[in-house]
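> how would this look folded up:
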Amino acid sequence: MNPSRNLFLIGPTGAGKTSLGRRLAAHYGLAFVDLDREIERRTGANVATIFEIEGEAGFRQRESVLLNEFSAGDGVLLATGAGAVLDAANRERLAARGYVLWLQAGIEQQLERLAHDSSRPLLADPDRRARLEAMAAIREPLYQATADLVLPAAHGVAASAAQAIALIDRHWQRAALPSSTTSA
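Next up is the predicted model:
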């Protein structure tokens, strides 16, 4: 077990990290942060525009800076971007600073969920299946190595939230938040 005050969600594009993350954060009383949305909020540009202007390397640098900032907090549920695990320092921070949940999703499930999504620059490929399979081949071993707990793919946010909570409750040794009171 990894005693921690934070929960971190990792997993592939379209796995439902944001949807599930919001529900888990509410259930556990944690502050919810979607890393991609926070990057967009701070830059004033969407992820696709950042990729267009700065390339993937520029985006990944921004991602690492904010992952470092938010993972250092207490009482946070951080939904990472699918590629956050590509950076070894990010994986180390996640493992050291929180309880890491790998939200799995199969290629078919991703294709279904992302069928009408044109906002993801790494999926701007005529053969999305091949692209998702290539990303999975690289990223799944990294998810596996980083995760404290695997959350199997589910077909509905409500079902996956209930299943996730049951699994997390059995495995997460939640560390207490530091007291805000001082002794005299």
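> which outside residues touch the helix or strand containing Gly55?
Assigned by DSSP states H and E, Gly55 belongs to helix 47-71. Identification of contacts with helix 47-71 by C-beta atoms under 8 Å, 6 or more residues apart in numbering yields 6, 8, 33, 35-36, 38-40, 42-43, 45, 76, 78, 80-81, 83-84, 86-87, 89-90, 93-94, 97-98, 119-122. No exception for glycine: its C-beta is placed from N, CA and C like everyone else's.
> how about a cut-off of 6 Å?
By C-beta atoms under 6 Å, 6 or more residues apart in numbering, the surrounding residues in contact with helix 47-71 are 33, 36, 38-39, 76, 78, 81, 84, 87, 90, 93, 97, 119, 121.
> try stretch 26-39
Under the contact criterion C-beta under 6 Å, 6+ apart, stretch 26-39 has outside partners 18, 21-22, 25, 47, 62, 66, 70, 75-81, 165.
> mind listing what's buried in the helix holding Gly55?
47-48, 50-51, 59-60, 62-64, 66-67, 70-71 (16 or more other C-beta atoms under 10 Å).
> list the contacts for the residue nearest the centre of the chain?
Nearest residue to the geometric centre of the chain (C-alpha atoms, centre = their mean): Thr80, 2.8 Å. By C-beta under 6 Å, 6+ apart, the residues touching Thr80 are Ile10, Leu35.
> Got the confidence number for it?
Here the pLDDT value assigned to Thr80 is 97.
> how close does it sit to Pro126?
27 Å (C-beta to C-beta, to the nearest Å).
> Residue ranges in the protein under the pLDDT threshold?
1-2, 114-124, 154-159, 177-184 (pLDDT under 70).
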